[in-house]
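*Asks:* coords please:
(2 chains)
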Amino acid sequence: MTLVRDLISQGVQMLLVLALAPLLTGFIRKLKAQLLRRRGPSLLQPYRDLNRLMRKDVVLAENASWLFRVIPYITFAGTWVAASLVPTFGSGLLFSWSADLIAIIALLGSARFFLALAGMDVGTAFGGIGSSREVMIASLAEPAILITVFAIAMIAGSTQLSTIAEFMGSSAVGLRVSLGLALIALIIVAVAENSRIPVDNPATHLELTMVHEAMVLEYSGRHLALIDLTSELKLLVYVSLIACMFMPWGAAGPGTGVLAHAVGAAAYIGKLATCGVLLAVFETSIAKMRVFRIPEFLGAALMLALLATLLRFVSGSL
Amino acid sequence: MHGLEFDVAHLLAGSLVLASFMLLYQDRLYALLNVYALHAFVLSLSVAWQAFVQHAPHLYVTASIALIFKAIIIPVALHRIIVRLGIHREIETALGVGLTMMGGIGLVALSMVVMLRVTPGADPLAREDLAFALSVVLLGLLIMVTRRNAVSQVVGFMSMENGLVLAATGAKGMPLVVEISVAFSVLIAFIVIGIFLFRIRERFDSVDIAALDRFRGERR
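*Replies:* Residues are numbered from 1 along each chain as shown, chains lettered A, B, ... in the order given. Have a look, this model is predicted:
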C-alpha cells in the first residue's frame, strides 16, 4: 500500500514539474515586462511556443552527427530525472532513496556536458563560443555548489534531500549563519547555472553576449522545443531545490494523507510564485556583467560556501 | 549547550568574519570605509549580546564605544580625510583578488584548527569567540599586507583591533576589558592622526597646518 501511494506521489510529482516549468518561465517573463511598464506576453506563451516548435520541421546541418540529434533527448531526460528527485509538495517520493543531492548535481552537470558537446558538434563559431563560455561558468559554479552541499549536509547530517527537508522543517535547525551563507551561495550558483541576467541574458538577440543561446543556436523544431523545455525545467529544479531546503513550510511528510499533499501543492505553488517575483525584481534591477567579471561573481559564491563550511565546522566541533 | 544564546553569538561572530572578508574584497576606498563601519557595527552588536548573556553591564560600555567611535566617528573622519587629501580612490592591491581570498580562507581554517585544539576545556562560547577573533585578527593582518594605500592599511589595522575586542569580550570575567578597549581606541585615534599628518607632510613637505590654509587660498 505504501509502495502504491509513493508511486502515485512520484508520478504526480513528475507530471507536475513538467506542467509547471513553462508556466514559471512565462510568469517571470510577464512580471519582468510589467516591471518595465510593458504589457508582456501571456502567461501561457511558453506552452504555445513549445506547441509551435513541436509541429515544425527539423532543419539539420549537413555535417551534424548522430550526437547532435540525440542530445536534446539526453539532456531532457537527465534534467527530468533530477526534477523528479527534488521534493516539491511532499517528501515521500519513491525514487528519493536512490539518489541524493550530489547525484542531482551530477545529473544536471552531465546534461550540461552533452549540451556543450552539441554546441561544438556542427562546427559553427557561435556554438563554439557558447560552449566554451558555458563550460567556463560551469567549472566555477560546480565547486561552489558542491561545497554548499557539503555545508548543508554537515548541518542536516545527510545528503538525502528528503531528510534535509524534514530537518529544515523541524525546530532542530536553530539560527545558523552557515545556512544563510549557503543560501546566498546557492542563489548565486542558481542564477549562473540558469543563465539569468547578471551572467547571461535569456532574452538576448545579440550574438556576442550570448552564452546558452549561442550554444543552442543550431537547433530547430522539436529539438529546440525539448531544449527550451529542458532549460525551463532546470530553472524549476533550482527553485524547487532552494524552496525545499530553505522554505520547507507546508510540504507534506511521508505517509500523510491526500489533504496534506493538497496543502503541500498549494504551498509549493506559492513558493514558486515568491521565488519568481524575487527573480524578476532582481533581474530588472541589475545589469548584465562583462564575461570577464563572472569569475569574481562565482568566486564570491565559492568563498561564501567555504566560509559556511568552516563556520559549521566550528559550531559542530564544540 | 547549543541554545539560542550560542546560536546568536555564533551568528554575530560569524558575520564579523564575513565582514572581514568583505573588507578584503573591496577595491574602492569609500566602499571600504562603509564596510568598515558595518564591521564595527556588527562588533558592537556582538559585544552587546555577550554583555546580555554574561550579565556583565560593563560590556555595554565597550559595545557603545565600538558603536560610537568605530562605527560612526572614525569612518566619517577617514571619509573627510580622503575627500580633503584627494587621494586616488581605487586601492592598489599587491595580490590578485582570488589569491587573496584563498589566502583568507586558509587563515580562517588555520585559526579554527589552532584555537579549537588549544582550548579544549574552556566554555564553548569563549572557544567559538576566540576562534573567530583570531581569524578576524589574521584577516586584518592580511588586509594590511596586501594593500599599498595607507588609509586601507589603517582600516585593516582597525579591523584587527575589532578582532581583539571580540576575543576580550568572549573570555568571561575580564575586568580590564573597558580599559583595554579605551586604550586601544586612543591608540587608533593616534594612528589615524599619525596617518593624517603623514599624508599632509607627504603632500606639503611639512606638517604645518598653515600649509593647508595657503593651499586653500590658492585654490580660491
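
*Asks:* ok, the residue of chain A found nearest chain B - contacts?
*Replies:* Closest to chain B within chain A is residue A:177: 3.6 Å, counting by Cβ to the nearest Cβ. C-betas here are computed from N, CA, C, even on glycine. Residues near residue A:177 by Cβ atoms under 8 Å, 6 or more residues apart in numbering or on different chains: A:308, A:311, B:10-11, B:14-15, B:18.

*Asks:* repeat that for residue A:165.
*Replies:* Applying Cβ under 8 Å, 6+ apart, the residues near residue A:165 are A:87, A:91, A:244-245, A:248, A:251.

*Asks:* mind checking the SS state of it?
*Replies:* helix (DSSP: H, G, I helix; E, B strand; the rest coil).

*Asks:* mind checking pLDDT for it?
*Replies:* Among the per-residue scores, residue A:165 shows a pLDDT of 84.

*Asks:* report the separation between it and residue A:20.
*Replies:* Distance of residue A:165 to residue A:20, computed by Cβ to Cβ, to the nearest Å: 18 Å.

*Asks:* if you skip the residues just before and after it, what's nearest to residue A:56?
*Replies:* Nearest residue to residue A:56 in three dimensions, chain neighbours excluded: residue A:221, at 4.6 Å (Cβ to Cβ, 6 or more residues apart in numbering or on different chains).

*Asks:* also residue B:188?
*Replies:* Spatial nearest neighbour of residue B:188, chain neighbours left out: residue B:158 (5.7 Å); criterion: Cβ to Cβ, 6+ apart.

*Asks:* hmm, back to that, number of residues surrounding the residue nearest to residue A:56?
*Replies:* 17 (other Cβ atoms under 10 Å in any protein chain shown).

*Asks:* residues contacting it?
*Replies:* Contacts of residue A:221 (Cβ under 8 Å, 6+ apart): A:53-54, A:56-59.

*Asks:* by neighbours, which of the residues you listed wins?
*Replies:* residue A:53 (20 neighbours).

*Asks:* hmm, residue A:227 and that residue touching each other?
*Replies:* No: assessed by Cβ atoms under 8 Å, residue A:53 is found out of contact with residue A:227, at 9.5 Å.

*Asks:* just to revisit the earlier point, the contacts of residue A:221 in helices, which ones?
*Replies:* A:53-54 (DSSP state H).

*Asks:* which ones are touching the residue in chain B that chain A sits nearest to?
*Replies:* Closest approach between chain B and chain A, counting by Cβ to the nearest Cβ: residue B:14, at 3.6 Å. Neighbouring residues of residue B:14 by Cβ under 8 Å, 6+ apart: A:177-178, A:181, A:311, B:132.

*Asks:* likewise residue A:218?
*Replies:* A:61, A:64, A:68, A:119, A:122, A:124, A:127.

*Asks:* apart from its chain neighbours, what residue comes closest to the last one?
*Replies:* Read that as residue A:127. Setting aside the residues directly before and after it, residue A:127 is nearest to residue A:119 in space (Cβ to Cβ, 6+ apart), at 4.0 Å.

*Asks:* and what of the second one?
*Replies:* Residue nearest to residue A:64 in three dimensions, not counting chain neighbours: residue A:122, with 5.5 Å by Cβ to Cβ, 6+ apart.

*Asks:* OK, contacts around the one you found?
*Replies:* A:61, A:63-64, A:68, A:218.

*Asks:* tell me the phi and psi of it?
*Replies:* Note on residue A:122: its backbone torsions stand at phi -70, psi -30 [degrees, to the nearest 10].

*Asks:* drop anything exposed from the contacts of residue A:218.
*Replies:* A:64, A:68, A:119, A:122, A:124, A:127 (16 or more other Cβ atoms under 10 Å in any protein chain shown).

*Asks:* from those, which is closest to residue A:103?
*Replies:* residue A:119 (24.8 Å; Cβ to Cβ).

*Asks:* what helix or strand is that closest one on?
*Replies:* helix A:101-121 (DSSP states H and E).

*Asks:* for the record, mean pLDDT for that helix?
*Replies:* Summarised as a single mean, pLDDT over helix A:101-121 is 93.

*Asks:* pull out the buried residues from the helix or strand just after it.
*Replies:* Going down the chain from helix A:101-121, the next helix or strand is helix A:125-156, by DSSP H and E. Residues A:126-135, A:137-138, A:140-156 are the ones in helix A:125-156 that count as buried (16+ other Cβ under 10 Å).

*Asks:* give me the nearest residue to residue A:47, chain neighbours excluded.
*Replies:* residue A:22 (5.2 Å).

*Asks:* tell me the confidence at the one you found?
*Replies:* pLDDT, residue A:22: 95.

*Asks:* ok, the one 3 residues further on next?
*Replies:* Reported pLDDT at residue A:25 in the predicted model: 94.

*Asks:* what does residue A:162 give?
*Replies:* 83.

*Asks:* poorly predicted segments of chain B, please.
*Replies:* B:1-2, B:84-94, B:148-150, B:172-187, B:189-190, B:193-194, B:196-220 (pLDDT under 70).

*Asks:* contact residues of it facing chain A?
*Replies:* B:1-2, B:4, B:6-8, B:10-11, B:14-15, B:17-18, B:21, B:25, B:97-98, B:101, B:105, B:108-109, B:112, B:116, B:124, B:127-128, B:131-132 (Cβ under 8 Å from any Cβ of the partner chain).

*Asks:* how about low-confidence regions in chain A?
*Replies:* Ranges of chain A meeting pLDDT under 70: A:255, A:318.

*Asks:* pull the CA atoms of the helix or strand hosting residue B:111 into PDB?
*Replies:* Using DSSP H and E, residue B:111 falls within helix B:97-118. This file holds the C-alpha atoms of helix B:97-118, laid out as PDB (Å, rounded to 0.1, in the frame of the first residue of the first chain):
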ATOM      1  CA  VAL B  97      41.600  39.100  -5.500                       C
ATOM      2  CA  GLY B  98      41.200  35.400  -6.000                       C
ATOM      3  CA  LEU B  99      44.600  34.600  -4.400                       C
ATOM      4  CA  THR B 100      43.900  36.900  -1.500                       C
ATOM      5  CA  MET B 101      40.500  35.300  -0.800                       C
ATOM      6  CA  MET B 102      42.100  31.900  -0.900                       C
ATOM      7  CA  GLY B 103      44.700  33.100   1.500                       C
ATOM      8  CA  GLY B 104      42.000  34.500   3.700                       C
ATOM      9  CA  ILE B 105      40.100  31.200   3.800                       C
ATOM     10  CA  GLY B 106      43.300  29.400   4.600                       C
ATOM     11  CA  LEU B 107      43.900  31.800   7.500                       C
ATOM     12  CA  VAL B 108      40.400  31.200   8.900                       C
ATOM     13  CA  ALA B 109      40.800  27.500   8.700                       C
ATOM     14  CA  LEU B 110      44.200  27.800  10.400                       C
ATOM     15  CA  SER B 111      42.900  29.900  13.200                       C
ATOM     16  CA  MET B 112      40.000  27.500  13.800                       C
ATOM     17  CA  VAL B 113      42.200  24.400  13.900                       C
ATOM     18  CA  VAL B 114      44.600  26.200  16.300                       C
ATOM     19  CA  MET B 115      42.000  27.700  18.600                       C
ATOM     20  CA  LEU B 116      39.900  24.600  18.800                       C
ATOM     21  CA  ARG B 117      42.900  22.400  19.600                       C
ATOM     22  CA  VAL B 118      44.400  24.600  22.300                       C
END
